[in-house]
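Chemist: No letters, just coordinates:
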């Protein structure tokens, strides 16, 4: 503990190597982690290094949940470096959130005095662990706590809504009666839902309420009495959390959609790529297939145009959007599990949009463009690594990467055997997608043509798949009308006229960017794990100055 609190990383490493326990506690009940970051004059990176040493010493005992929480734990250095990345990030994270400003100094860990520890009694009512109010003042207080509450970043004020509603609910349940509790919660839930609906495009406010609603739900589940008397309110809170989550994701996706074309598909860095010449083709069959990106089925296709004083759009622009999103979530202390769900959804969306653009536009179906898009994608991968995020996020790019690899080599495959061996490595691509890419391949001048036996083989594999699917349908219902539909389905699939996402997975070439991945609200145990050593900072409490404001 002495070595950790004085930031002697070498001594800490030596002690850990010789079996020193990281779980021992002081007479006050503190662990070794509680002694880190208490001196503001010390570079936080030193504390980070010691934390990594202590985490590594636990080895396999650290569960997946704890590792995920550590991935998404913010540090002052991470936030400052991200904010300095570009003017676009600064604008999105600072200026474009209804005038709110982030004071990075507020992220600095606060000094904790020996007598400041506070134990909250979740099983009984203590006089200083409730908020007494009168029915006639309820509406005016809710105006201040919910309707007029601006997002705050400071430790003392960022959880005021969750703390006040819970402390007021304790008073209502234990002393004022269930009617008062019902009135309080009905009005509070109604106001929260209303403010979310009105401000569904404000990512700062959404992040603020996502954190508060999560925390309020956790408070109700921890209280041994309220957990039973607020069942309906807990259900309503869960619905609100899901709604906030969807609005937040939709906003981030909209920002990404505005820059995907310029930043990922058309950004060029390969020397001489703009000089590459392609074999001219007659307009007709190919052009009619590639006129329209399938992504337009779900979202408007916007193209981002930078202002004169902004940097050109590039893959780093996508990183800026991701960084600003992560900063908003971390600054309001949204639970790490929820942050992971959001990033997981965003990377799925990004990969689906890029994948559909490759298959839906012949301009991208050539080896040179595939190399460039792959390079652009590597910038996003670097962002994941540099932010020390879980590598599982990279999983969503596998289909895109394999499609790009396929485009880079398909014209050079000498025979059918080479295709079969290559296909074994491309496990994220279906035969239908491989056939589509081969048929719509754009040849450079003097480039080898794809072997005819390869095209014939892919066509046969897809035809066999269509036949099997049709036979399955016909065996389920054998009648004239249904058989006619089967014949029509076969024709639509072979000509790619069926709307995206309406066929069987092995027959559909498109990804569905609108698909929502599973999302779950953090459980009580996950909330406790997310709090970690700072759990005492998340007990319901109201700053004195705010109570005076209500008076």
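Modeler: Right, received. Where do you want to start? As the structure is a computational prediction, the values presented were derived from the model and not from experiment. Numbering: from 1, shown residues only.
Chemist: next structured bit after the host helix or strand of residue 345?
Modeler: Under the criterion DSSP states H and E, the helix or strand holding residue 345 is helix 336-360. Taking DSSP H and E as the definition, the helix or strand that follows helix 336-360 towards the C-terminus is helix 367-386.
Chemist: rewinding a little: check which helices and strands the helix holding residue 345 sits against.
Modeler: Based on contacts counted as 3 or more Cβ pairs under 8 Å, 6 or more residues apart in numbering; DSSP states H and E, the elements that helix 336-360 packs against are helix 64-71, helix 231-260, helix 315-331, helix 367-386, helix 398-409, helix 431-439, helix 524-531. Using the backbone N, CA and C atoms, a C-beta is placed for each residue, glycine as well.
Chemist: most packed of the ones you listed?
Modeler: Neighbour counts (mean count of other Cβ atoms under 10 Å) averaged over each of the helices and strands packed on helix 336-360 peak at helix 315-331, with a mean of 24.
Chemist: same question for that one, mean pLDDT?
Modeler: What helix 315-331 shows for mean pLDDT is 95.
Chemist: just checking, what packs against it?
Modeler: Helices and strands touching helix 315-331, as assessed by 3+ Cβ pairs under 8 Å, 6+ apart, comprise helix 76-83, helix 87-90, helix 203-222, helix 231-260, helix 336-360, helix 367-386.
Chemist: one step back: any chance of the helices and strands packed on helix 336-360 in JSON lines, with distance to residue 267 too?
Modeler: Converted to JSON lines, those look like this (distance: least, Cβ to Cβ, whole Å):
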{"stretch": "helix 64-71", "distance to residue 267": "28"}
{"stretch": "helix 231-260", "distance to residue 267": "10"}
{"stretch": "helix 315-331", "distance to residue 267": "6"}
{"stretch": "helix 367-386", "distance to residue 267": "6"}
{"stretch": "helix 398-409", "distance to residue 267": "15"}
{"stretch": "helix 431-439", "distance to residue 267": "21"}
{"stretch": "helix 524-531", "distance to residue 267": "37"}
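Chemist: Distance-wise, check residue 464 relative to residue 458.
Modeler: Between residue 464 and residue 458 the distance, using Cβ to Cβ, to the nearest Å, works out to 11 Å.
Chemist: same question, residue 342
Modeler: In this structure, residue 342 and residue 458 are 38 Å apart, going by Cβ to Cβ.
Chemist: One more: residue 519?
Modeler: When Cβ to Cβ is the yardstick, residue 519 and residue 458 sit 37 Å from each other.
Chemist: same deal with residue 252?
Modeler: Taking Cβ to Cβ as the criterion, residue 252 is separated from residue 458 by 37 Å.
Chemist: Kindly report the same for residue 267.
Modeler: With Cβ to Cβ as the criterion, residue 267 and residue 458 are 31 Å apart.
Chemist: Of these two, which one has the most company?
Modeler: Remark: of residue 267 and residue 458, residue 458 carries more neighbours, 24 against 21, as counted by other Cβ atoms under 10 Å.
Chemist: Now do the closest residue to the more buried one other than its chain neighbours, the pLDDT please.
Modeler: Beyond its immediate neighbours in the sequence, the residue positioned closest to residue 458 (Cβ to Cβ, 6 or more residues apart in numbering) is residue 435, lying 4.0 Å away. At residue 435, the pLDDT value in this model is 95.
Chemist: start to end distance for stretch 426-446?
Modeler: The first residue of stretch 426-446 is 27 Å away from its last residue (Cα to Cα, to the nearest Å).
Chemist: Residue 465 contacts residue 431, correct?
Modeler: Yes: using Cβ atoms under 8 Å, residue 465 makes contact with residue 431 at a distance of 6.5 Å.
Chemist: picking that back up, of the helices and strands packed on helix 336-360, give the one that comes closest to residue 120.
Modeler: Put simply, out of these the one that sits nearest residue 120 is helix 524-531, at 12.4 Å, with distance taken as Cβ to Cβ.
Chemist: Now the helix or strand following that closest one: average pLDDT?
Modeler: With elements assigned by DSSP H and E, the helix or strand that comes after helix 524-531 is helix 544-550. The average of the pLDDT scores along helix 544-550 is 88.
Chemist: buried set for helix 544-550?
Modeler: By 16 or more other Cβ atoms under 10 Å, the buried positions in helix 544-550 come out as residue 546.
Chemist: outside of it, which residues touch it?
Modeler: The set of residues that contact helix 544-550 without belonging to it, under Cβ atoms under 8 Å, 6 or more residues apart in numbering, is 141, 144, 157, 160.
Chemist: Looking at neighbours, which among the residues you listed is most surrounded?
Modeler: Note: the member of the contacts of helix 544-550 with the most neighbours is residue 160, at 20 neighbours, neighbours being other Cβ under 10 Å.
Chemist: so what's that one up against?
Modeler: Contacts for residue 160 (Cβ under 8 Å, 6+ apart) come out as 145, 149, 152, 542-543, 546.
Chemist: Count the neighbours of residue 345 for me.
Modeler: Each residue near residue 345 was counted by other Cβ under 10 Å, and the total is 23.
Chemist: Mean pLDDT lowest where, among the helices and strands packed on helix 315-331?
Modeler: helix 87-90 (a mean of 41).
Chemist: which ones are touching residue 195?
Modeler: Under the criterion of Cβ under 8 Å, 6+ apart, the contact partners of residue 195 comprise 146-147, 205, 209.
Chemist: okay, those in a markdown table with neighbour count and distance to residue 271 next?
Modeler: What follows is these, written out as a markdown table (neighbours: other Cβ atoms under 10 Å; distance: Cβ to Cβ, whole Å):
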| residue | neighbour count | distance to residue 271 |
| --- | --- | --- |
| 146 | 22 | 57 |
| 147 | 13 | 57 |
| 205 | 25 | 46 |
| 209 | 28 | 49 |
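Chemist: Let's have these in a markdown table, adding distance to residue 354.
Modeler: Formatted as a markdown table, the entries for the contacts of residue 195 read as follows, by distance: Cβ to Cβ, whole Å:
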| residue | distance to residue 354 |
| --- | --- |
| 146 | 40 |
| 147 | 41 |
| 205 | 30 |
| 209 | 31 |
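Chemist: with those in mind, which one is nearest to residue 131?
Modeler: Proximity of the contacts of residue 195 to residue 131, judged by Cβ to Cβ, is greatest for residue 146, which lies at 14.1 Å.
Chemist: So what does the closest one look like in phi/psi?
Modeler: With angles defined as degrees, to the nearest 10, residue 146 sits at phi -120, psi -60.
Chemist: Got the confidence number for it?
Modeler: Turning to residue 146, the model gives it a pLDDT of 96.
Chemist: The closest residue to it other than its chain neighbours - how many residues pack around it?
Modeler: The spatially closest residue to residue 146, leaving aside those adjacent along the chain, is residue 191, at 4.3 Å (Cβ to Cβ, 6+ apart). As a burial measure, the neighbour count of residue 191 was computed by other Cβ under 10 Å and equals 18.
Chemist: so residue 191 is in which element?
Modeler: Per DSSP H and E: residue 191 is located in helix 178-198.
Chemist: Residue 219 reaches residue 527, doesn't it?
Modeler: No: shown here, residue 219 and residue 527 do not form a contact pair, counting by Cβ under 8 Å, at 9.7 Å.
Chemist: List the contacts of the closest residue to residue 454 other than its chain neighbours.
Modeler: Across the structure, with Cβ to Cβ, 6+ apart as the measure, the residue nearest residue 454 apart from its sequence neighbours is residue 419 (5.0 Å). Residue 419 makes contact with 410, 413, 451, 454, 457-458 under the criterion Cβ under 8 Å, 6+ apart.
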